[in-house]
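Enquirer: got a predicted structure here, sequence first:
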Amino acid sequence: MIQIRSAAERGRTDWGWLDSRHTFSFGDYHDSAHMGFRALRVINDDRVKAGAGFGTHGHRDMEILSYVLEGALEHKDSSSGGGVIRPGEIQMMRAGTGVTHSEYNHSKTEPVHFLQIWIVPGAQGLKPAYAQRAFDRAAAGRAFVLLASGDGRDESLQIHQDADLWMALIGEGKRRELRLRPGRDAWIHVTRGSVTVNGTDLGEGDGAAVSGEASLSFLGRQAAEVLVFDLA
């Protein structure tokens with residue numbers, strides 16, 4: 001079964017310098033029907049104007065991933081983590097016992113477009129940590145590549161949760177298959193373009209909850225970039 005969470009139905013925060021769309025409840029946006037999915041708690045689709053960003057603020061007990069679609073995002077945190085994240089890279093901050101951090105558009109002239117993703121960890125009170133890695137976008141044009149996982153296999157970022165985050169670039173008219181682990185559910189998020197998944201059409205910004213499906217078959221309707229969370 002696939003249940004669509006359409007892009008148009010998402011919550012929105014518009015602060016002028018920030019235009020953010022919320023797949024799940026976040027901040028001042030609350031929808032009791034969309035509080036997360038399994039361990040996946042937040043997908044914020046953020047666009048930040050040049051030179052602007054989020055000042056220093058705190059988090060705890062959350063695995064936070066940043067995935068940049070366009071531009072460059074500068075990150076600094078109190079666990080000595082920091083770097084500039086660009087397309088083709090993914091970053092993880094483990095908030096654990098508590099961490100403060102800031103995120104700014106690294107450019108003074110161009111906007112940055114990125115996803116902020118929160119995953120509830122399997123344990124509380126973990127030591128804060130930071131990691132960042134590049135992934136092979138050419139390989140993602142041929143098959144799904146693993147960006148993050150609970151065991152850190154295949155050079156993915158290791159998160160403290162039984163969850164796999166997969167990504168693929170799917171050309172128009174091209175097909176991709178992703179087999180889910182037995183007994184699992186999944187969340188799909190289309191970051192760009194449009195696809196048909198097991199007969200269901202999804203466009204840019206759309207999400208979908210997947211249950212009772214052993215595998216996912218994608219057909220690119222337009223050139224697309226897709227994230228899939230394989231969740232316990």
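Expert: Alright, I've got the coordinates. Numbers count the residues shown, from 1 in each chain.
Enquirer: for the residue lying closest to residue 151 once chain neighbours are set aside, give me its contacts.
Expert: Distances taken as CB to CB, 6 or more residues apart in numbering put residue 158 closest to residue 151, at 6.8 Å, once the chain neighbours are dropped. C-betas here are computed from N, CA, C, even on glycine. Applying CB atoms under 8 Å, 6 or more residues apart in numbering to residue 158 gives the contacts 131, 148, 149, 150, 151, 152.
Enquirer: list phi and psi for residue 158.
Expert: The phi/psi pair for residue 158 (degrees, to the nearest 10) reads phi -90, psi 120.
Enquirer: is it bridged to anything, and to what?
Expert: Judged by DSSP bridges, the bridge partners of residue 158 are residue 149.
Enquirer: and it, what pLDDT?
Expert: For residue 158, the pLDDT comes out at 98.
Enquirer: and the helix or strand containing residue 186, what does it pack against?
Expert: Residue 186 belongs to strand 185-197 when assigned by DSSP states H and E. Contact partners of strand 185-197 among helices and strands, from 3 or more CB pairs under 8 Å, 6 or more residues apart in numbering; DSSP states H and E: strand 63-70, strand 200-202, strand 207-210, strand 215-231.
Enquirer: pairing partners for the second one, with directions?
Expert: The one in question is strand 200-202. Here, using DSSP bridges, strand 200-202 pairs with strand 185-197 (antiparallel).
Enquirer: and the last one, by the same measure?
Expert: Here strand 215-231 is paired, per DSSP bridges, with strand 163-170 (antiparallel), strand 175-179 (antiparallel), strand 185-197 (antiparallel).
Enquirer: now the first one
Expert: The partner list of strand 63-70 in its sheet, established with DSSP bridges, is strand 89-94 (antiparallel), strand 112-119 (antiparallel).
Enquirer: quick one, which of those is nearest to residue 35?
Expert: Residue 35 lies closest to strand 112-119 among the strands paired with strand 63-70, at 11.9 Å (CB to CB).
Enquirer: adding mean neighbour count, write the strands paired with strand 63-70 out as CSV.
Expert: Output for the strands paired with strand 63-70, formatted as CSV (neighbours: other CB atoms under 10 Å):
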stretch, mean neighbour count
strand 89-94, 23
strand 112-119, 22
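Enquirer: can I get those in TSV with distance to residue 54?
Expert: Listed next are those as TSV, based on distance: least, CB to CB, whole Å:
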stretch	distance to residue 54
strand 89-94	12
strand 112-119	9
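Enquirer: these: which one's closest to residue 2?
Expert: Between residue 2 and the strands paired with strand 63-70, the shortest separation by CB to CB is 20.1 Å, and it involves strand 112-119.
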